[in-house]
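Chemist: sequence isn't available, so here's the structure alone:
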């Protein structure tokens, strides 16, 4: 039997041109065969959105560093679904998403397209990891991400992950991370969420912005606590949001 | 002190014109003061997506059955965020979403814009319930939903919900529901997900479709089991997806 290298499917939410996607390919292309299927442009904040009311197109791009490159005119989840339908030659051994330009820590991960792609793969039974660097810049320096990406990817390929659980990895920027902490997502909420504007015709419009207010910033069980202390964090994430611990406590009658 | 009626904020993902939204208003407008803030058009499958790369507009519509009516040019989550920023006169006592035209049962609830709105409210600490009728038609008959919507809304207003937990309610169509079951989401995945087409210029395109394959269809702990048996189902849902039970079992080293 031929020695087949693991197939690594990569996506993201910053789009096919993003530096973080290309860096992720460079990190893992000696671990396996890499195919990248990413949105045709930026899709930040797309969560697990799917495109139901419009058709999707696939475009093949020139290979990058040995990896097949494809863009899809949809969301990150569309990329995973359509890759499985029409692009990958066999079932991927792992799906990686990112490296996202910017944080996906705390419970605002719910908005993340990067993690949307990872959770879609997870629901299909494929081990999946989303990576994010806490730096929004288009030309962020991803160098210090490499050992973390390599280590986690090799570990997950070897040992797998618990059934219906994927990983949300955040990496602090502008430092050499001191280690990796396995934690839960910080809980909080956003404040001052909109900038208010008036258009030239006197009509208001609103643009999303805001600050994340951590409810429990001094809690060492949480990702934001360790990211501030220059550690990378891994949060195990379950796409199934059922609060099973509250099923027995609720009662509704007709 | 004046006797203030509860403030009920309503949203959905089918848009401001949807029959299900208007029926939901009719169900609860004698329970409290109702304000509806819904997308300007259909936003099915938008999950917890947010609009980050474009401004948002609010449009006021004529009142419906005593309720204030507003549309937002964004996603269901945008509707909740912008309602809180610029529309509601005080903090809502409850957020209701729906009634969705079509099922949000099983783990594909992750794609649901209806539940995206409910989860956003939940993250803000407001009790929230999403309602869905298992009938996709634009002119679906929502009549049998009324006692379920009324009962659950009154119950939640009175007793509240567990912290950071909201409810996903599904209602079977074309029958008088036999009761309400509190259960977990069925787990499964979609198969045959795309219809393949060729455009007039010979180029392929793809349109999302497919069938949900339930992994465990005979399990009475799940919503699909009871929906098939003409019961309404309530799944408690937690926006925080951390798989806390797997934090101790994972280990990654640099």
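Modeler: Now that the structure is in, tell me what you want to look at. Quick caveat: nothing in here was measured; it's all calculated off a predicted structure. Numbers count the residues shown, from 1 in each chain, chains lettered A, B, ... in the order given.
Chemist: next, count neighbours for residue A:152.
Modeler: Here the neighbour count serves as a burial measure; for residue A:152 (other C-beta atoms under 10 Å in any protein chain shown) it reads 21. Heads up, the C-betas are built off the backbone N, CA and C, glycines and all.
Chemist: next one, pLDDT for it please.
Modeler: Confidence at residue A:152, expressed as pLDDT, is 98.
Chemist: contacts only, for it.
Modeler: Applying C-beta atoms under 8 Å, 6 or more residues apart in numbering or on different chains, one finds that residue A:152 lies in contact with A:129, A:167, A:169, A:180, A:234, B:252.
Chemist: so the first one versus chain B, what's the distance?
Modeler: Here residue A:129 is placed at a distance of 10 Å from chain B (C-beta to the nearest C-beta, to the nearest Å).
Chemist: that older thread, just the buried residues out of the contacts of residue A:152, in ChimeraX syntax.
Modeler: The following ChimeraX line selects those of the contacts of residue A:152 that are buried, judged by 16 or more other C-beta atoms under 10 Å in any protein chain shown:
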select /A:129,167,169,180,234 /B:252
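Chemist: ok, now which ones touch the nearest residue to residue A:37 once chain neighbours are set aside?
Modeler: Beyond its immediate neighbours in the sequence, the residue positioned closest to residue A:37 (C-beta to C-beta, 6 or more residues apart in numbering or on different chains) is residue A:83, lying 4.0 Å away. Contacts for residue A:83 (C-beta under 8 Å, 6+ apart) come out as A:9, A:11, A:35, A:37, A:70, A:72.
Chemist: JSON lines for the residues you listed, including neighbour count and pLDDT?
Modeler: Putting the contacts of residue A:83 into JSON lines (neighbours: other C-beta atoms under 10 Å in any protein chain shown; pLDDT from 0 to 100) gives the following:
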{"residue": "A:9", "neighbour count": "28", "pLDDT": "98"}
{"residue": "A:11", "neighbour count": "33", "pLDDT": "98"}
{"residue": "A:35", "neighbour count": "21", "pLDDT": "98"}
{"residue": "A:37", "neighbour count": "28", "pLDDT": "98"}
{"residue": "A:70", "neighbour count": "22", "pLDDT": "98"}
{"residue": "A:72", "neighbour count": "27", "pLDDT": "98"}
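Chemist: closest to residue A:160 among those residues?
Modeler: Residue A:160 has its nearest neighbour among the contacts of residue A:83 in residue A:9, at 15.9 Å by C-beta to C-beta.
Chemist: of the contacts of residue A:152, closest to residue B:150?
Modeler: After measuring the contacts of residue A:152 against residue B:150 - C-beta to C-beta - the closest member comes out as residue A:167, at 42.4 Å.
Chemist: correct me if wrong: that closest one contacts residue A:236.
Modeler: Yes: Residue A:167 lies in contact with residue A:236 (C-beta atoms under 8 Å); the separation is 6.1 Å.
Chemist: which neighbours do those two share?
Modeler: Shared contacts of residue A:167 and residue A:236 (C-beta under 8 Å, 6+ apart): A:161, B:250.
Chemist: re the thing from before, does the residue nearest to residue A:37 lie in a helix or a strand, and which?
Modeler: In this structure, residue A:83 is located in helix A:76-86 according to DSSP states H and E.
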